[in-house]
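**Q** Mind folding the following:
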Amino acid sequence: MSPTTLVNFRLDQDTKRSMESVCRDLGMSMTTAFTLFAKKVDRERRIPFDVSLDGTPAPSAPQPLAIGANHADPAVIVEGVTRVFGEGAGERRALDGATLIVRRGEFVAVTGASGSGKSTLLHILGGVDAPTSGRVVVDGMDLSTLGSDALALYRRHTVGLVYQFHNLVPFLSARDNIELPVRFDGSRPDSATISELLDLLDITDCEKSMPSELSGGQQQRVAIARALVSHPAVVLADEPTGSLDRANGEKVVGLLSKVREHFDTTIVLVTHDESVAASADRIVRISDGRVVDREG
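**A** Predicted coordinates for the structure are as follows:
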């Protein structure tokens, strides 16, 4: 068996940004991620994916399900959350005492003007950012009590993150991208689960394709499948239709509703598009960092 060695990549800026986002969300360093990505690299940078370069589980990978799910209602509790950026004359309050409760299995759309704090709220729910003050509880876990390792597990198991620009790893196939959260745990993906997601999101024909070979709508469906592969309690979607045309945007929102029904998943979706928000069970409006309206 050949020794494990790192592959030296020259990354363009778009690839680097995608990689950094994926690694941040899934709690993995870039160096460790690359040791998980490849055994061989050909001239087209198509990488036969394996758990590590020598085919064995990465020894430093945290074990899955180290955080136990708490299926008590509600799924999300936000109490008096403030997020302050900068200080002194440059201080900006992205959130200013925001309070929100999301029931388990609910589909909630969060709307508001640009800069109102809606994306900041979603990043805090995802454990990507932390509040300056206040309390956030997701699936029974107070996020303020979780250290960096526990937060990494939280982002891989308790929440699934979906963004406007997909954040797919461009040199991995659609199926390999979907499997990333499981691979990052040093585990083997369950073929039945992957097949179920491919079928549910109508991307079975795309599983061997590279992201550059897919349409924007197909890439977003791959990103949604990746968010669901670990059966998270809550899916957090930040402007998931923002880069799509109207038809593909409507299809993605319809698929999110289908996902919610199929997996009994709670969905919190941030959008500036009122027609997208109208598909949710309830619309929450944010203004100047505060939740000012809770329709539905």
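
**Q** tell me which element residue 220 falls in.
**A** helix 216-228 (DSSP states H and E).

**Q** same deal with residue 150?
**A** Judged by DSSP H and E, residue 150 forms part of helix 148-157.

**Q** packing partners for that helix?
**A** The contact analysis (3 or more CB pairs under 8 Å, 6 or more residues apart in numbering; DSSP states H and E) places helix 148-157 against helix 13-26. Yep, even glycine has a C-beta here, placed from its N, CA and C like the rest.

**Q** Average pLDDT for the helix it packs on, rounded please.
**A** Averaged across helix 13-26, pLDDT comes to 65.

**Q** which helices and strands sit right next to the helix or strand just after the helix holding residue 150?
**A** Remark: after helix 148-157, the chain's next helix or strand is strand 159-162, criterion DSSP H and E. Counting contacts by 3+ CB pairs under 8 Å, 6+ apart, strand 159-162 packs against helix 216-228, strand 234-238.

**Q** From the contact counts, what lies against the last one?
**A** Read that as strand 234-238. In this structure, strand 234-238 packs against helix 118-125, strand 159-162, helix 216-228, helix 246-263, strand 266-270, with contacts taken as 3+ CB pairs under 8 Å, 6+ apart.

**Q** again, but for the first one
**A** Here helix 216-228 is seen to pack against strand 159-162, helix 174-183, helix 191-200, strand 234-238, helix 246-263 when contacts are counted using 3+ CB pairs under 8 Å, 6+ apart.

**Q** Report the buried residues of the longest one.
**A** What it means is helix 246-263. Judged by neighbour count (16 or more other CB atoms under 10 Å), helix 246-263 contains these buried residues: 248, 249, 250, 251, 252, 253, 255, 256, 259, 260, 263.

**Q** wait, what's in contact with the closest residue in space to the fourth one that isn't next to it in sequence?
**A** If you skip the residues right next to it in sequence, residue 251 has residue 217 as its closest partner in space, 6.1 Å away by CB to CB, 6 or more residues apart in numbering. Residue 217 makes contacts with 244, 248, 251, 252, as judged by CB atoms under 8 Å, 6 or more residues apart in numbering.

**Q** Repeat that for residue 122.
**A** Contacts here follow CB under 8 Å, 6+ apart; on that basis residue 122 touches 110, 236, 238, 268, 270.

**Q** sec struct for the first one, please.
**A** Remark: residue 110 carries the secondary structure label strand [criterion: DSSP: H, G, I helix; E, B strand; the rest coil].

**Q** any weak-confidence spans in the chain?
**A** 1-72, 243, 294-296 (pLDDT under 70).

**Q** one step back: with neighbour count added, can I get the contacts of residue 122 in JSON lines?
**A** JSON lines is the format used below for the contacts of residue 122 (neighbours: other CB atoms under 10 Å):
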{"residue": "110", "neighbour count": "29"}
{"residue": "236", "neighbour count": "29"}
{"residue": "238", "neighbour count": "21"}
{"residue": "268", "neighbour count": "26"}
{"residue": "270", "neighbour count": "28"}
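
**Q** about what we covered before: export the helices and strands packed on strand 234-238 as a markdown table, with columns for distance to residue 139.
**A** Below are these laid out as a markdown table (distance: least, CB to CB, whole Å):
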| stretch | distance to residue 139 |
| --- | --- |
| helix 118-125 | 11 |
| strand 159-162 | 8 |
| helix 216-228 | 15 |
| helix 246-263 | 14 |
| strand 266-270 | 8 |
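
**Q** Residue 208: which of the ones you listed is closest?
**A** Set against residue 208 and scored by CB to CB, the helices and strands packed on strand 234-238 come closest in helix 216-228, at 11.9 Å.

**Q** what are the C-alpha coordinates of the closest one, in PDB please?
**A** In PDB, the C-alpha atoms belonging to helix 216-228 read as follows (Å, rounded to 0.1, in the frame of the first residue of the first chain):
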ATOM      1  CA  GLY A 216     -27.700  26.300 -12.300                       C
ATOM      2  CA  GLY A 217     -30.900  24.500 -11.200                       C
ATOM      3  CA  GLN A 218     -29.200  21.100 -11.300                       C
ATOM      4  CA  GLN A 219     -26.300  22.400  -9.300                       C
ATOM      5  CA  GLN A 220     -28.700  23.800  -6.600                       C
ATOM      6  CA  ARG A 221     -30.400  20.500  -6.400                       C
ATOM      7  CA  VAL A 222     -27.100  18.800  -5.900                       C
ATOM      8  CA  ALA A 223     -26.400  21.300  -3.100                       C
ATOM      9  CA  ILE A 224     -29.800  20.500  -1.500                       C
ATOM     10  CA  ALA A 225     -29.000  16.700  -1.700                       C
ATOM     11  CA  ARG A 226     -25.700  17.300   0.100                       C
ATOM     12  CA  ALA A 227     -27.500  19.300   2.800                       C
ATOM     13  CA  LEU A 228     -29.800  16.400   3.300                       C
END
